[in-house]
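Student: Just a sequence and a predicted model for now, questions to come.
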Amino acid sequence: MAVLARMLARPSGAIGLGLVALHLLAAVLSPWITPYDPTVIDAALMFAPPGAGHWLGTDQLGRDILTRTLLGGREAILVTLVATPISVAWGGLAGIHLGLAGGRLDDVLMRVVDAVLALPWILKMLLIIVTFGAGVNVLIPTLAFFYGVPVIRVARAATQGVVARDFIAAARARGHSRVAIVWHELLPNVLDALMVEGAMRWSWMLLAFSSLSFLGFGVAPPTPDWGLMIADSRSFMAIAPWAALAPVAALSTLIIGINFAADALAKAVGLDRAQSAPH
Amino acid sequence: MSAALIDIADLSIGFTTRAGALAPVLRHIDLTVRSGETIGIVGESGSGKSTLALAAMGYLKPGLNMLGGTVRFAGQDMFAPGAIVPRIRGGRLALIPQNAGQALTPSMRIGAQIAEALRLHTSLPTAVHDARVIDLLARVRLAAPSELVARYPHELSGGQQQRVAIAMALAGEPEALLLDEPTTGLDVTTQAHVLELLRDLAADTGMAMVYVSHDLGAIARVCASIAVMYAGEIVAEGTARQVLRTPAHPYASGLIAAIPVLRAPRLPRPLEGRPPAPGAAGPGCAFAPRCALAEAACRTSPIGLVPAPGGGHVRCRRAEEAIHLPLRNEGPLRTPHDDNAATSLLRLDDITVRYARPSLWQQITGQHPSAPPVVDGIALDLRPGETIGLVGESGSGKSTILKTIAGLIAPLRGTTSLTGTTLAPRVAQRPVGALRSVQLIFQNPDESLNPRQTIATILAQPLSLYFGLTGAALQARAGELLAQVRLGPHYLERLPSQLSGGEKQRVAIARAFAADPDIVLCDEVTSALDVSVQAAVLALLDALRRARGTACLFVSHDLGVVRALADRVVVLYQGRICETGPAETVYTTPLHPYTEALLGAVLEPDPDYTPRLLAADVIEQGPPARGCPFQNRCHRRLGPECHTVTPPTQDLGDGHLVRCHIPFTRLTETAL
């Protein structure tokens, strides 16, 4: 709670958390507050510009863009909100254990991590999706896996900064089990870094999910989805720019909000100062 | 009398707190330093002494603001905007920082760094710079200066780095030197040499010196006059003799009485309480809450500096009585633990540790590193209830031995046994009972207490692990433990960062005693604390240990601290035992040349005390492969056998053993 208060005390934190809260609220409430059916096609209303009936206009099939934009984040937010904690949890635990163990196992596994990180993400994702098909039950584990790999790095680095300290030696000398040392001594000291990393991972995942939709590997039409909406309206940019602008604005405000909030979180927990001298 | 070189008048410096209040760090400081004067500024951490030294250079740490007053150097206002100040800094007025290792540029050769100072602060032609650099290095008594110029800072020892920093400061032929704890962190023998150098420099050059330190012994050696700081004020000033012999401020006499002494086995007198936080001092004397002489008027009305009864000035209403306060703890001498029952509680046998592990390539080719072990052949017998002091300078392997006993480091060979049972080398293989009965207390509580755990959680760790306590029973026991280290139950919900250094170390002690151990291993437990806090922590540790009959292995570089606590002493050099025996015998008649040199280098807060510099001031790169570990520095070296043959152990009875080639009959002759 103290951390939340400190985040809100910064302009970036207040704006970021505000934007994220607004998006979450929209995602939860949109089925009840949207004025139109997002999938009904009305040829008469094709490319209606923003106006009284349709505040943000309509798209090439005459569907209300405000309705589709409000609903268009639901899938992306749901998938990434499930995948993010999984990625932070597994990547974090793996990183903490590697940082604690050190030695040859750490050397070998970190080279594997480097190799996985060296591949372009879109290649890795497409490989899985082409093999196993799209859909939520493939996307969530895939995102959770690939986005957990960089978390290993962060968790390991944060752990290495703590492992050499005397309170870990004290716990070892008392004879605590490895699990107890990870849980009671290490985790509380690494949690801040993991939380900030989780927030960053969330925004990356949202971008990745929307990119996949944009490429046609994510959400299937006619379900409203930002990535899909941007892809559909791309061809009509010259005649109906509002159709593309609305989902772009929605996606960017959410990403910017998350980044602001993550930045404020890092400052609130003192991670940005962690590198400086302890005085 | 010449004009003032450094003239600080009515200087106040402070910062604005989060709540918007003004918190002064320095309050109305007046200080004048004339050419040739040496002034020591002494005080505990947080007293503002370093802020004062930096302010004399016209520098404030970020966040601090001038609240009033002036700082002048040779008539020049050091806080006036303009280009003159940077030219004074480092040239006419030079600073020697606490940690020379961090002040030197790691990627620049020594010669180049000093030449840079010459280029900036002198008008010498570049052609003579090289010769001048060698001159300067020779002047700070560094051996082989012409070879040293090509070295990098990390290739030098701490003492050598500090000398290089001094040489750099001398490059601009300064009129005044500011020294900020210049020997803190150096070994006793190295410190003694550096202090002699500073003392001679002051006498030879007529430079003014402002020496900031918490160490009254070091100040007494170098400075002719002393100013004592407390809570941002100068509370006493005068000549070194006036301040140290007849201190007229209760804080000054309290500081002196808190210093452990070598002469008698007695705990130093603690100075209870803690200084007020900046801005928290009341209207009256800031020291009144901790003062034994304080009366109502002390707390309510401010007091200025008045002439002190013994000479000098003092900020105290009751100076007449204060000069009669005792400067020593008058308590009883410690009676040595004298239970010569044959039962051994902890026994070390031939403990030998080598850090370097053979690499994969060396394992394959069968080549192993041949560097001598860092700890070699340590044998030790700790009896129940006894305290053994392990003394030695940095690199003597003291901490390594403790970690080996605790099972954190596996020895190359040798065994640790507890009440006759041999312990496995590693923690993981030891039975819980053995782990419980041996507890470690670390040097720095900032490192040894988890910053994210409350005190309750910290104390719960051993209690739940060893005794399976939970819930109310756990809470109650944790409260009891805190009470034993004289902290109230309200500390349970605090985080370590909300405690002072002394309080944190008390929590660390409570955590060790929570296991109800038979042995506590203390690793320099007071070296991170202020001297007044140290005295209180030592008294607490000793009382707890006595009440429970816990044996103690006490590691320290501070011979005075060991004298106050130990029944027996083990003197280590380069990971090898030089001398061991009853504390009384070793301290009064040291036999090994190293013990003699160590004891001779210890300083006293006395302007007339002269330390004896016996050991040669050379750096050791590591223990020698053969012969006596002390061979390179020994002032009584016999001949080639010292370099080639491991010295024999001579038994003088009563457990007094000396490892030296010189026959003990001759060792005792000179010792007497």
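Tutor: That came in fine, so what should we check first?

Student: Low-confidence stretches in the chain?
Tutor: Using chain A here. By pLDDT under 70, the weakly predicted segments of chain A are A:271-279.

Student: if you could check chain B rather than the one you did, that'd help
Tutor: Under the criterion pLDDT under 70, the flagged ranges of chain B are B:1-2, B:83, B:338-342, B:356-363, B:366-370, B:619-621, B:670-672.

Student: how does chain A divide into domains?
Tutor: Following automatic domain parsing, chain A resolves into domains at A:1-73+A:224-274, A:75-221.

Student: Next, format those domains as JSON lines and append distance to B:L325.
Tutor: Backbone N, C-alpha and C define where each C-beta goes, glycine included. Formatted as JSON lines, those follow (distance: least, Cβ to Cβ, whole Å):
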{"stretch": "domain A:1-73+A:224-274", "distance to B:L325": "44"}
{"stretch": "domain A:75-221", "distance to B:L325": "38"}
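
Student: Relative to chain B, which of those domains is closest?
Tutor: Taking Cβ to the nearest Cβ as the criterion, chain B comes closest to domain A:75-221 out of those, the separation being 3.6 Å.

Student: I'd assumed B:I388 was in a strand, is it?
Tutor: Yes - counting by DSSP: H, G, I helix; E, B strand; the rest coil, B:I388 is part of a strand.

Student: OK, contacts around it?
Tutor: B:L380, B:L382, B:C552, B:L553, B:F554, B:A566, B:D567, B:R568, B:V569, B:V570 (Cβ atoms under 8 Å, 6 or more residues apart in numbering or on different chains).

Student: what do you get if the cut-off is 6 Å, keeping everything else the same?
Tutor: For B:I388, the contacting residues are B:L382, B:L553, B:R568, taking Cβ atoms under 6 Å, 6 or more residues apart in numbering or on different chains as the criterion.

Student: Tell me who's in contact with the nearest residue to B:C552 once chain neighbours are set aside.
Tutor: Leaving aside its sequence neighbours, B:C552 sits nearest to B:T387 (Cβ to Cβ, 6 or more residues apart in numbering or on different chains; 4.3 Å). Shown in contact with B:T387 (Cβ under 6 Å, 6+ apart): B:C552, B:F554, B:L565, B:A566, B:D567.

Student: of the contacts of B:I388, closest to chain A?
Tutor: Using Cβ to the nearest Cβ, B:L553 comes nearest to chain A of the contacts of B:I388, at 13.5 Å.

Student: Which ones among the contacts of B:I388 lie within strands?
Tutor: Judged by DSSP state E, the subset of these located in strands is B:L382, B:L553, B:R568.

Student: The second one touches B:V520, doesn't it?
Tutor: This means B:L553. No - the criterion here is Cβ atoms under 6 Å, and B:L553 misses it with B:V520 at 7.6 Å.

Student: need the residues of chain B near chain A, please.
Tutor: For chain B, the residues in contact with chain A under the definition Cβ under 6 Å from any Cβ of the partner chain are B:A406, B:L408, B:V427, B:L435, B:L440, B:F442, B:E447, B:S448, B:L449, B:N450, B:R452, B:P462.

Student: ok, now how distant is the fourth one from B:I405?
Tutor: Note on B:L435: its distance to B:I405, by Cβ to Cβ, to the nearest Å, is 12 Å.

Student: of these two, who's got more company?
Tutor: Taking other Cβ atoms under 10 Å in any protein chain shown, B:L435 and B:I405 do not tie; B:I405 has more neighbours (25 against 22).

Student: Assign the most centrally placed residue in chain A to helix, strand or coil.
Tutor: In chain A, the C-alpha nearest the mean C-alpha coordinate belongs to A:W202, at 1.4 Å (Cα atoms, centre = their mean). At A:W202, secondary structure determined by three-state DSSP is helix.

Student: who's in contact with it?
Tutor: With Cβ under 6 Å, 6+ apart as the criterion, the residues that contact A:W202 are A:T80, A:T84, A:I258.

Student: The nearest residue in space to it that is not next to it in sequence: what secondary structure?
Tutor: On the basis of Cβ to Cβ, 6+ apart, the spatially nearest residue to A:W202 that is not a chain neighbour turns out to be A:T84, at 4.5 Å. Assigned with three-state DSSP, A:T84 falls in the helix class.

Student: Surely B:I351 is within a helix?
Tutor: No - residue state for B:I351 (three-state DSSP) corresponds to strand; a helix is not indicated.

Student: before we move on, back to that, just the residues of chain B next to chain A: which are in strands?
Tutor: Where these overlap with strands, as defined by DSSP E, the overlap consists of B:L440.

Student: What parts of chain A come near chain B?
Tutor: Counting by Cβ under 6 Å from any Cβ, the positions of chain A adjacent to chain B are A:R165, A:D166, A:F167, A:A169, A:A170, A:R172, A:A173, A:R174, A:G175, A:E185, A:P188, A:N189.

Student: what about burial for the residues you listed, which qualify?
Tutor: Neighbour-count burial (16 or more other Cβ atoms under 10 Å in any protein chain shown) applied to the residues of chain A next to chain B gives A:R165, A:D166, A:F167, A:A169, A:A170, A:R172, A:A173, A:R174, A:G175, A:E185, A:N189.

Student: Adding secondary structure, write these out as CSV.
Tutor: Formatted as CSV, these follow (three-state DSSP):
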residue, secondary structure
A:R165, coil
A:D166, helix
A:F167, helix
A:A169, helix
A:A170, helix
A:R172, helix
A:A173, helix
A:R174, helix
A:G175, coil
A:E185, helix
A:N189, helix
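
Student: Turn these into JSON lines, columns for distance to A:P224.
Tutor: Rendered in JSON lines, the data for those read as follows (distance: Cβ to Cβ, whole Å):
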{"residue": "A:R165", "distance to A:P224": "51"}
{"residue": "A:D166", "distance to A:P224": "56"}
{"residue": "A:F167", "distance to A:P224": "52"}
{"residue": "A:A169", "distance to A:P224": "56"}
{"residue": "A:A170", "distance to A:P224": "56"}
{"residue": "A:R172", "distance to A:P224": "55"}
{"residue": "A:A173", "distance to A:P224": "59"}
{"residue": "A:R174", "distance to A:P224": "57"}
{"residue": "A:G175", "distance to A:P224": "58"}
{"residue": "A:E185", "distance to A:P224": "47"}
{"residue": "A:N189", "distance to A:P224": "43"}
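
Student: Most widely separated two among those residues?
Tutor: Using Cβ to Cβ, the two most remote members of these are A:G175 and A:N189, lying 20.4 Å apart.

Student: contacting residues around residue 178?
Tutor: Assuming you mean chain A. With contacts defined as Cβ under 6 Å, 6+ apart, A:R178 has no neighbours.

Student: try again with chain B
Tutor: With contact set as Cβ under 6 Å, 6+ apart, B:L178 has these partners: B:A53, B:A56, B:L95, B:V210.
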